[in-house]
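In: quick one: sequence plus predicted model below, questions after.
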Amino acid sequence: MSYDIFISYRRQGGAHYARILKAELEARGYRDRVFLDYDELKDGRFDRRIMSAIEEAAVFIFILSPGALDRCRDEDDWVRQEILYAFEQERHIIPVNFDGLFKDFSPEVPQQIREVLGQHQFSKIDTESLLDASIEKLIVDRISPLVGRNDLREVNDKAAEITFLADTDCRISLFGKTLADAKADVPVAVRLRKGNYLLEYSSLQYPEISERQRYTVPDNDYFDYIEIKLKDLVDSLATKGARLLRVRHPMGLYGYMNLTGELVISYKYEWAEEFCEGFAIVKTAKDKYGFIDASGNQIVACIYKEVHSFSEGMAAVKTDAGWGYIDSSGRVVVPCRYNYAGMFSDGLAVVGTDEGKGYIDKAGMAVTPFCYHEASYFSDGMAAVQDKNGLWGFIDAQGRPAIPCIYSMVSFFEEGLAAVANDEDKWGVIDRRGRLVIPCIYEQVENFSEGLAAVANDDEKWGYVDMTGRLVIPCIYDGADDFSDGLAGVLSEKGTCGCIDKSGAVAIPFLYDSLERFCNGLVAAENADGKWGVIDRGGNEIVPFTYDNEIDVRLNFIIVENGLGLSAILNRTGAFLRPFIYKEILTVADDIIQGKTVNDEWEYIDSSGNLIKPH
């Protein structure tokens, strides 16, 4: 890719303005023609690629943020090298001063840098009321005479546009985070950057109905159309009684009722679990386990010592001979001979023998040797494995060694990246090819979330890096959480909590002693008086700060507890759905929870506050 405009900036103090300028230029006819190393460099080869980009670009823009030039006295400073190289290449240099924040050259700035920049007129950009006008003036007066614009009808955002059309109302998610809610037969567009994704589509009516799709965006300049077909599955559960809830009789036996409270499957099991993939685990008086379907049919007799829920159409079962697998018809497809059996993911499951752990496919064929001390399920197409020496690496979805076992610790892959620790317990980040995107220099590295990962330096101060390894938010916090809905909770050195956005700007002031993670736009917080409440992304109070105990914010419910240890159920607006009568509350589904009352009776509550009781 060739570039016409190169933006140079000092990360501290200038990154935010550089991103604004890049976005505004791309929106005004320079899409894919603006070079900004924050976006463009992916593999750490800064020197040659930056120089090549400067050579290609006719226009060199430098962001004059306060203090941006002070470190130029160091001959190895990157900003200094970029400016001088642009001068040597006779590029058209435009110093840009946002909001007039740059006042003058400090005494530390070398004379050579002063002369290169000082001979050019400074362009001022007003980010308040005159942003559009000042950007347009910059283009008309100083850029377009050298570099013409593209067709402005091009898509502005530098990301692929993927349009989804669902045949029923559903939620589109990525690694558990909602991308969009789609209405039946109404197209919805989502922007995804180049990369590999594991998309999940789940019914809004029946959240237990979901499908996953591996999807690759080959380029940011890309359009695609995806059909989501869940209607047949939804219709099959839409008949009366199809969605079943587990209920317990006062005498101790379990059965199932439908959403109207009608007892569909009688009380006859010593133990029963919720339905998963259309089947539920049940146990008889003989302490043996089997499976029933939604009609109560015993599709797998209660003959097994232990069982696991179905995953990808397979369920692990245990006999005296060991663990094996059955399919959805109850047929044994993998003989019971293993001392360990995990759930299937990406078509493979971890099983254990006396020699070690390995992976089998759904036919029971070994796809890896049984040579691992530990092995995990698949995430983002990769599974972590530990060799007999205690070192970790990864295999791919075909069971092939993808990254050698050379790390003392690893995390799961998410968004194409995984955190790893070397033999000195220093953490970094690798990509799916095993390349160190971020060198092992940090005390801790959390998984990436929304393109950023929290990292801790040697002083145990936390900040955030992007997917290129750039420290985009400095390590100044005593604690840092993952980003969710564009915000992350952080702990200041004074011991107070607040939230920042992806630019590092404070979005919610540091007013709180504790701050939990955001859940669907809401977060529980504890104020300086030790009282708990709930606020939204704007810091607005949803639940007043009157509670002594931590508040539990769930996807569609808020659980609060009074001084007697009893809980009440609120909706997402903070309105009471049920009073303080519950000794225990469990999540059944996104839209249904189960509460145990002071009378030791269990009842179900939907997100509208309706009670569901067996009758």
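Out: In hand now; what should we look at? Numbers count the residues shown, from 1 in each chain.
In: just for this structure, where's the confidence low?
Out: Low-confidence regions of the chain, defined by pLDDT under 70, span residues 1, 38-48, 128-129, 150-158, 175-177, 236-242.
In: domains of it?
Out: 5-143, 160-237, 244-295 (automatic domain parsing).
In: now those domains as TSV including mean neighbour count and distance to Gly393?
Out: Where you see a C-beta, it was placed from the backbone N, CA and C, and this is true even at glycine. Output for the domains of the chain, formatted as TSV (neighbours: other C-beta atoms under 10 Å; distance: least, C-beta to C-beta, whole Å):
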stretch	mean neighbour count	distance to Gly393
domain 5-143	17	21
domain 160-237	16	19
domain 244-295	18	31
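In: what's the closest of those to Tyr377?
Out: The closest of the domains of the chain to Tyr377 is domain 160-237. By C-beta to C-beta, the value is 12.5 Å.
In: what's the offset of the closest one from the middle of its chain?
Out: Distance of domain 160-237 from its chain centroid, counting by C-alpha atoms, centre = their mean, to the nearest Å, is 16 Å.
In: contacts for stretch 351-370, please.
Out: Under the criterion C-beta atoms under 8 Å, 6 or more residues apart in numbering, residues 312-314, 323, 325, 333-335, 338-342, 344, 347-350, 371-375, 383, 388, 395, 398-399 lie in contact with stretch 351-370.
In: of these, select the buried ones using a PyMOL command.
Out: A single PyMOL command selects the buried members of the contacts of stretch 351-370 (16 or more other C-beta atoms under 10 Å):
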select buried, resi 314+323+325+334+338+341+342+344+347+348+349+350+372+375+383+395+399
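In: any idea how far the residue positioned nearest the centre of the chain lies from Ile592?
Out: Central residue of the chain (C-alpha atoms, centre = their mean): Ser449, 4.2 Å from the mean position. Taking C-beta to C-beta, to the nearest Å as the measure, Ser449 falls 27 Å from Ile592.
In: cool, and Thr168?
Out: Taken as C-beta to C-beta, the span from Thr168 to Ile592 is 19 Å.
In: ok, back up a step: burial check on the nearest residue to the residue nearest to the centre of the chain once chain neighbours are set aside, number of neighbours?
Out: Spatial nearest neighbour of Ser449, excluding adjacent residues (C-beta to C-beta, 6 or more residues apart in numbering): Asp482 at 3.9 Å. Neighbour count of Asp482, defined by other C-beta atoms under 10 Å: 18.
In: contacts only, for Asp482.
Out: Contacts for Asp482 (C-beta under 8 Å, 6+ apart) come out as 446-447, 449, 454, 488, 517.
In: let's see 10 Å
Out: Counting by C-beta atoms under 10 Å, 6 or more residues apart in numbering, Asp482 touches 177, 446-450, 452-454, 464, 488-489, 517-518.
In: out of the residues you listed, who's nearest Val534?
Out: Nearest to Val534 among the contacts of Asp482: Phe518, at 10.7 Å, using C-beta to C-beta.
In: give me phi/psi at that closest one?
Out: Main-chain dihedrals, Phe518, degrees, to the nearest 10: phi -60, psi 140.
In: max-length strand in the chain?
Out: In the chain, taking DSSP state E as the definition, the longest strand is strand 576-589.
In: other SSEs contacting it?
Out: Helices and strands touching strand 576-589, by 3 or more C-beta pairs under 10 Å, 6 or more residues apart in numbering; DSSP states H and E, are strand 245-248, strand 558-561, strand 567-570, strand 592-597, strand 602-606, strand 611-612.
In: dump the C-alpha coordinates for the second one into CSV.
Out: It refers to strand 558-561. Listed next in CSV are the C-alpha coordinates belonging to strand 558-561 (Å, rounded to 0.1, in the frame of the first residue of the first chain):
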residue,chain,number,x,y,z
ILE,A,558,-29.7,-6.1,39.2
ILE,A,559,-29.5,-7.9,42.6
VAL,A,560,-29.4,-5.9,45.8
GLU,A,561,-29.2,-7.1,49.3
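In: and that strand, how far out from the chain middle?
Out: Relative to the chain's own centre, strand 558-561 is displaced by 26 Å; criterion: C-alpha atoms, centre = their mean.
In: elements contacting it?
Out: strand 522-527, strand 532-536, strand 541-547, strand 552-553, strand 567-570, strand 576-589.
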